[in-house]
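Engineer: Using only what follows, build the 3D model:
(chains A and B)
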Amino acid sequence: MPIWNNYGMGRRHFMQHMATAAATIPAMNFLSHVQANSSTVKANNKACILMWMSGGPPTIDIWDLKPGSKNGGEFKPIDTAAPGVQISEHMPETAKVFDNLNVVRSMSTREADHGRGRYYMHTGYVPNPTVTHPTFGSVVSYEIGRHRKALEIPSFVSIGGGSGQAGFLGMAHAPFVVGSDGQIRNAPSQEAKDRLPNRLDMLAAVESNFIKSQRGELPQAHKDVYANAVNLMTSRQMAAFNVNKADAALGLEAESDATKAMYNMPAGGGGMGMGGGNGFGQSLLLARRLVQVGVPFVEVDLGGWDLHNDVFNTLKNQRLPVLDRGISALVTDLKQRNMLDDVTIVWMGEFGRTPRINQNTGRDHWAASWSTMIGGGGLKNGQAIGATDADGTRVADNSKAYLPGDIWATVAHAMGIPLETVHTSKRGRPMKLANGGSPIQELIG
Amino acid sequence: MNFVPRWTMRKLNTSAICLTAMFTLAGAGQLSADEAAAVSDSTALSTVEFINQKIEQGYKDNEISPSEVASDEEWVRRVHLDIVGRIPSLEEVNAFIEDESPRKKSVLIDQLVDSQDYIRNFTTIWTNNCIGRGTPRRVSRNGMEKFFREAFAKNRPWDDIVVDLVTGEGHFEENGAVNYILAQMQLNDEAVQLTAKTTKLFLGMQVQCTQCHNHPFNNWQQAQFWEFNSFFRQVRKVDHRKTDPNTGRQVDDYSEVVTRDFNGPVYFEKRSGLMQVAFPIYEGKAIEPDAFDRRKEFGKLLVSTDNGETPIIAKAFVNRMWAHFFGYGFTRPVDDMGPHNAPSHPEVLDRLSAEFVSTGYDVKKLIKTIANTAAYSLTSKFGEDNMVDNPAAGEVPLFSHMYVKSMQAEQLYDSLIVASNAHKSGKGGWDEQEKQRNRWMQQFVVAFDNDENDEATTFNGTIPQALMMMNSELIEKAVSIDRGSFLFETFSSPGVESQKMQDLYVAALSRRPTRSEMSKAQQMVKAYPANMRANAYQDLFWALLNSNEFIFIH
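Structural biologist: Numbering: from 1, shown residues only, chains lettered A, B, ... in the order given. Purely as a prediction, here's the structure:
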């Protein structure tokens, strides 16, 4: 079902309604930060695309192979476009563009439980029962998205996943979760759109007392989220969610068959569902379009990595072909559009997987020594940072170990977010950006 | 790492320490079931008084004063949402407000607990707790719901319910309890997930990390995880297939839990690479490794009071139930109890738990006790003198005012049905209604693709939720003016317009509008052209249902 049909009718028409409606003042207040004029967002805006590998990917079989070790498994390393950097033979397309990427081979984290690892890697902080830390996408939304006045759609979009909360930065910075097909449920009908101005007037009148009634922050947060939702509903930038829609003023074209084929999007446009198979390529294409219209942080989920069993067959037949195609398509596409220096690409999961191969030919959870990937963003790309020992069981003696905060600090550096930024928790506790992590020196040089 | 919650060090605990010391002098570290019965003569009232007193002591220790008692309107809405999972209807609100009996709150609590909707609400909650919202493969949601529906309808003792869940065997629709186990056996993982989930859900302990190493900040040892795990190693899941008579293809049939022959120890690997063995031991009590059915033995140990202490399953349930009503339990999170995470109100937790055991794990009685406490009757507004009581900001809850909670998706769905009269049309039976609601629910469920089989909802306070509330078919139905709808019935029946406007407020917000709200609403309605009056009321009702006051439990 086409969503947002007649989106062109959206904003201007809506604003006219607002102007001619009988009692417009409350609704105008409600939408105080809405920009009536949706100017084009410049293409040189900084952004980050996070590829989130839900389940914990076996990085020893992807980025940090151990040929000759009993832990090495079935795969062989191959050379890449980055001199001296080798990755898995099942990542041949990615290898060709690896001069734009880097692997960080000496991640050493401490959370090997899915929920805790997901939290830790997304926020830089270990879970704490008395405070909810913002996922880094929310930090970017708060630090950058908030100031992009021309951006009318949410500044943190999560495609196919559900990771992360905005925590003390407030619900207005929570991820906006959509499926890999970009379809947004419960879009307004034309009638609903026409009636919206009156209804919002009524709503503003109805709910103001409750906000003033001293019941904490939730009532106001509710209002903020509604403002974002209305903003989204009436924005022509919604075209970014539909790969078949062109909007010259936004710099968006209808994606060509060649582009879709590059991202391995299924023919006919049908999605494969969240996170799975071809949905990943489609999600990445969507991410690129969202970045084009000014969204500063997009998270794309690819699941299926919790490989306690049969790791090698699953990787070579299912997971890695999808991943390889997706990464290389995104890098190639961003490069062709001269966007790669502005867009930082991060690839990570909750943790890595045990170097030791278990009795079910699988690998279990492992946080002590594993890899993440980061690239684009104007970094000094084409490097392998850090190393593990010959068996992959620990970070090598001469290598610095990295935490998620260091990855996010590198992203912050690439995006121009000052590292000394401090947020304040609801309790007044200062919270350092990326938990005080430091950018990886070799990458920012 | 700074993990110790600051609030364990707050003043509240000084009195707790004194009291614990007193009990210790009396010869027992904790209040046993028998002692509790002796102290309380097991009437609900005295337990309520005891709780009131302890919670008040917390106010004094922290130099705060509680907020005012909630208005009837505020309270009647809250108690419906908490006990029956939906807002009260227009008639229910009016009846309660007009009732002049001083005992009307307890009477209503009793009525709600004995209603059909109570069964439905707690069936939903516990089905979600046990198998999630996005039913895993080869699990029967129907079977799980049927099990809980019967359990809550008969008010079966909680210990029996837990024992059935962990010891269940057989066909997933004939014995719905087994769906709990089936849902935790999505992977061939030697019952690791089943072990972790059982301890978390029923014992209020987080041990999943100890699968691989000793817990960094509580007493859990890696060996204990595997000792627990060894109780579950006889569980086997069997997925049956059958031939589809139409297509001749093999399709899924039923699944079942069977007990397999396993009587050895469990082996696990230490971080050092050393292999270790674990035998079935719970709370220091071992069973014979060659016991015929280890889970049955485990069930017995779970409810045993041999050591004079309140069984852990009682405390874990009480903590959860308190959190259900107040938004925060005595520990944060509710399912991470233990010496490393001291409860905020230890005497209240102990007393409620002891009484829960002495009443034969009577769930309804526990609910009545909690809902009758003074703390539960307070308004959700902050008072002049309790701004520090703000657990949303990470502070220890002192229960000096009600905390605003977000409606769960199911509560919202059911509340919209009630507000718009859809429940009166009586379409479809229980199963049909459940199916419709589950279908609607799926839009908010995001499954994480991993062995913990966990999931998130995109429901609470998000843009998708706002879009649903503004534009969905559900809301269009709620503000419909078709025959039989709430708006149609209200405006086609005799009566003055101001009364009808008031009914809109009561139906949506369970309260009458203030005078200024009323005149504002009238003014807005009058601004519509005369032939658009119906639209005006629709838009007003839409606004009421979309308001913050509607979506929060306060």
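Engineer: Run through the neighbouring helices and strands of the helix or strand where residue A:115 lies.
Structural biologist: Assigned by DSSP states H and E, residue A:115 belongs to helix A:114-123. In terms of contacts (3 or more C-beta pairs under 8 Å, 6 or more residues apart in numbering or on different chains; DSSP states H and E), helix A:114-123 is packed against helix A:136-143, strand A:343-349, helix A:404-415. C-beta coordinates here come from the backbone N, C-alpha and C atoms, glycine included.
Engineer: Averaged pLDDT, the helix or strand residue B:159 falls within. What do you get?
Structural biologist: Following DSSP H and E, one finds residue B:159 within helix B:158-167. Helix B:158-167 shows a mean pLDDT of 97.
Engineer: ok, which stretches of the stretch 51-200 of chain A are strands?
Structural biologist: Ranges of strands in the stretch 51-200 of chain A, per DSSP state E, counting those that start in this stretch, are A:77-79, A:86-88, A:101-107, A:156-159, A:176-178.
Engineer: so what secondary structure elements neighbour the second one?
Structural biologist: Under the contact definition 3+ C-beta pairs under 8 Å, 6+ apart, strand A:86-88 sits against strand A:77-79.
Engineer: chain center to the strand it packs on: distance?
Structural biologist: 28 Å (C-alpha atoms, centre = their mean, to the nearest Å).
Engineer: any weak-confidence spans in the chain?
Structural biologist: Reading this off chain A. A:1-44, A:162-163, A:266-278 (pLDDT under 70).
Engineer: Chain B is the one I meant
Structural biologist: Checking chain B against pLDDT under 70 turns up B:1-45, B:208-220, B:271-273, B:289, B:422-430, B:448-454, B:456, B:458.
Engineer: Using the three-state scheme, assign the residue sitting nearest the centre point of it.
Structural biologist: Residue closest to the mean C-alpha point of chain B, counted by C-alpha atoms, centre = their mean, is residue B:324 at 4.8 Å. Here residue B:324 is recorded as helix under DSSP: H, G, I helix; E, B strand; the rest coil.
Engineer: do residue B:276 as well
Structural biologist: Quick answer, by three-state DSSP: residue B:276 is strand.
Engineer: Can you tell me how far it is from residue B:221?
Structural biologist: 11 Å (C-beta to C-beta, to the nearest Å).
Engineer: same thing with residue B:157?
Structural biologist: Counting by C-beta to C-beta - residue B:157 and residue B:221 are separated by 32 Å.
Engineer: do residue B:382 as well
Structural biologist: 43 Å.
Engineer: Looking at these two now, which is surrounded by more residues?
Structural biologist: residue B:382 (18 against 14; other C-beta atoms under 10 Å in any protein chain shown).
Engineer: correct me, but the more buried one touches residue B:67?
Structural biologist: Yes: with contact defined as C-beta atoms under 8 Å, residue B:382 reaches residue B:67; the gap is 6.5 Å.
Engineer: Now for these two: what residues contact both?
Structural biologist: residue B:401 (C-beta atoms under 8 Å, 6 or more residues apart in numbering or on different chains).
Engineer: Let me see the ranges of the strands in chain B.
Structural biologist: B:170-171, B:235-243, B:250-259, B:266-269, B:275-278, B:281-282, B:285-286, B:405-406, B:445-447, B:455-457, B:552-553 (DSSP state E).
Engineer: related to what we said a few turns ago, how much does the helix holding residue A:115 deviate in direction from helix A:404-415?
Structural biologist: Orientation of helix A:114-123 against helix A:404-415 (axes from the mean of the first three to the mean of the last three C-alpha atoms, to 10 degrees) gives an angle of 30 degrees.
Engineer: From residue A:319, how far off is the residue in the stretch 251-400 of chain A that chain B sits nearest to?
Structural biologist: Going by C-beta to the nearest C-beta, chain B is nearest to residue A:303 of the stretch 251-400 of chain A, at 3.1 Å. According to C-beta to C-beta, residue A:303 and residue A:319 sit 9 Å apart.
Engineer: surely residue B:240 meets residue B:258?
Structural biologist: No: using C-beta under 8 Å, residue B:240 is not in contact with residue B:258, being 11.2 Å away.
Engineer: So which bits of stretch A:75-82 are buried?
Structural biologist: A:75, A:77, A:80, A:82 (16 or more other C-beta atoms under 10 Å in any protein chain shown).
Engineer: Just put the residues you listed in a markdown table and tack on distance to residue B:308.
Structural biologist: Shown next, in a markdown table, are those (distance: C-beta to C-beta, whole Å):
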| residue | distance to residue B:308 |
| --- | --- |
| A:75 | 58 |
| A:77 | 62 |
| A:80 | 66 |
| A:82 | 67 |
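Engineer: Alpha carbons of stretch B:64-74, as PDB, please.
Structural biologist: C-alpha atoms of stretch B:64-74 as PDB (Å, rounded to 0.1, in the frame of the first residue of the first chain):
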ATOM      1  CA  ILE B  64       9.400  14.800  53.300                       C
ATOM      2  CA  SER B  65       5.600  14.900  53.400                       C
ATOM      3  CA  PRO B  66       3.400  12.800  51.200                       C
ATOM      4  CA  SER B  67       1.200  14.300  48.500                       C
ATOM      5  CA  GLU B  68      -2.600  14.600  49.000                       C
ATOM      6  CA  VAL B  69      -4.900  11.700  48.700                       C
ATOM      7  CA  ALA B  70      -6.100  11.300  45.000                       C
ATOM      8  CA  SER B  71      -9.500  12.500  44.000                       C
ATOM      9  CA  ASP B  72     -12.100   9.800  43.400                       C
ATOM     10  CA  GLU B  73     -11.700  10.300  39.700                       C
ATOM     11  CA  GLU B  74      -8.000   9.900  39.700                       C
END
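Engineer: quick one: contacts of that stretch?
Structural biologist: B:56, B:59, B:78, B:93, B:96-97, B:375, B:377-386, B:388-389, B:398, B:400-402, B:510-512, B:554.
Engineer: Over to stretch B:321-335?
Structural biologist: By C-beta under 8 Å, 6+ apart, the list of residues contacting stretch B:321-335 reads A:129-130, B:5, B:82, B:125, B:200-201, B:204-206, B:316, B:319-320, B:337, B:341-346, B:348-349, B:352, B:363, B:366-367, B:370-371, B:375-376, B:391, B:397, B:399, B:402-405.
Engineer: any chance of the buried residues of stretch A:75-82 in a markdown table, plus distance to chain B?
Structural biologist: A markdown table is the format used below for those (distance: C-beta to the nearest C-beta, whole Å):
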| residue | distance to chain B |
| --- | --- |
| A:75 | 22 |
| A:77 | 26 |
| A:80 | 28 |
| A:82 | 30 |
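Engineer: Out of these, give me the two with the largest separation.
Structural biologist: A:75 and A:82 (18.6 Å; C-beta to C-beta).
Engineer: Is stretch B:508-526 positioned near chain A?
Structural biologist: Yes: for stretch B:508-526 and chain A, the contact criterion (C-beta under 8 Å from any C-beta of the partner chain) is met by B:514, B:517, B:520, B:521, B:524.
Engineer: how about the fourth one, what does it touch?
Structural biologist: For residue B:521, the residues meeting the contact criterion (C-beta under 8 Å, 6+ apart) are A:202, A:205, A:206, B:501, B:513, B:540.
Engineer: Chain neighbours aside, what residue packs nearest to the fourth one?
Structural biologist: Put plainly, it is residue B:501. residue B:521 (5.7 Å; C-beta to C-beta, 6 or more residues apart in numbering or on different chains).
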